[in-house]
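In: Pasted the sequence and its predicted model underneath.
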Amino acid sequence: LAKTTQPISMDSYEGQEVNITCSHNNIATNDYITWYQQFPSQGPRFIIQGYKTKVTNEVASLFIPADRKSSTLSLPRVSLSDTAVYYCLVGPLGEWGTDKLIFGTGTRLQVFP
Amino acid sequence: NAGVTQTPKFRILKIGQSMTLQCAQDMNHNYMYWYRQDPGMGLKLIYYSVGAGITDKGEVPNGYNVSRSTTEDFPLRLELAAPSQTSVYFCASSYPPTNNEQFFGPGTRLTVL
């Protein structure tokens, strides 16, 4: 079971870079790291996914060290609209419904003006 | 594309009543899922389906039933509602697993009194 550990909450100010770290010491060879964002009263939204090194898209970057035991979601220059809960999921592709790819309690990010 | 749609948005049930939460997607996704989210918690998988006629239990299936007669629809049935089923219910869908991206509906907020 690739259990994940993330901070319960984080605070930031507009314009700052935010880094949210997820620990997953028991990650398996065929596991991928996936991050979701959830705004209040909405369903989660896929942000980014990676296997190793660095992945970047228009929303965020994902940094994964060589041992893959942790990962860091980086949000550049956050705005008030980035206030949300961020979930780190670890598991093989498409193996939902097993004991992997679980939405934990996530990290609640609050961005202040 | 409407994406994933859910009805109703809100519902209050009395203990012992039954209801069906509707979910439909127009993206031709084979995979569909039902989650519940209790206040301040992550999402828990109730049931999922990998195609029409195929369903399987998730983490918390007790008290619920599903069916999948078409690719588009995946209704969730609550029999004998209990206060413990008060929650927000999210339906999601995805392609066959080339990544771990799920597309979520807007949710149904259910209260059982």
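Out: Structure's in. What do you need?

In: Where does pLDDT dip in the chain?
Out: Using chain A. For chain A, residues meeting the criterion pLDDT under 70 lie at A:1-2, A:97-98.

In: which bits of it sit near chain B?
Out: A:32, A:34, A:41-46, A:49, A:87, A:89, A:91, A:93-97, A:101-106 (Cβ under 8 Å from any Cβ of the partner chain). From N, CA and C alone the C-beta is placed, and that goes for glycine too.

In: Strands of the chain, residue ranges please.
Out: Going with chain A. A:9-13, A:18-23, A:32-38, A:45-50, A:53-56, A:61-64, A:70-75, A:84-91, A:107-112 (DSSP state E).

In: actually it's chain B I care about, not the one you picked
Out: Using DSSP E, strands in chain B cover B:4-7, B:10-13, B:19-25, B:31-37, B:43-51, B:54-57, B:64-66, B:76-78, B:87-94, B:103-104, B:108-112.

In: Give me the most central residue, chain B.
Out: B:Trp34 (2.9 Å; Cα atoms, centre = their mean).

In: Can you name the residues that contact that one?
Out: Neighbouring residues of B:Trp34 by Cβ atoms under 8 Å, 6 or more residues apart in numbering or on different chains: B:21, B:23, B:45-48, B:58, B:64, B:66, B:74, B:76, B:89-92.

In: And for it, nearest residue in space, chain neighbours not counted?
Out: B:Ile46 (4.4 Å; Cβ to Cβ, 6 or more residues apart in numbering or on different chains).

In: Can you tell me what sits against stretch A:33-40?
Out: A:22, A:24, A:27, A:44-51, A:60, A:62, A:64, A:68, A:71, A:73, A:83-91, A:101, A:103, A:106, B:99-101.

In: got the buried residues for that stretch?
Out: Neighbour counts over stretch A:33-40 (16 or more other Cβ atoms under 10 Å in any protein chain shown) mark A:33-38 as buried.

In: State the number of residues packed around the closest residue to B:Gly58 other than its chain neighbours.
Out: Nearest non-adjacent residue to B:Gly58, counting by Cβ to Cβ, 6+ apart: B:Leu45, 3.2 Å away. The burial count assigned to B:Leu45 is 22, neighbours taken as other Cβ atoms under 10 Å in any protein chain shown.

In: so what's B:Leu45 scoring on pLDDT?
Out: For B:Leu45, the model assigns a pLDDT of 93.

In: Does it touch B:Val66 like I think?
Out: No. In this structure B:Leu45 lies outside contact range of B:Val66 using Cβ atoms under 8 Å: 11.6 Å.

In: any idea how far B:Arg68 is from the residue of chain B found nearest chain A?
Out: Proximity of chain B to chain A (Cβ to the nearest Cβ) peaks at B:Pro97, 2.2 Å away. Separation of B:Pro97 from B:Arg68 (Cβ to Cβ, to the nearest Å): 18 Å.

In: Same check on A:Ser81?
Out: 36 Å.
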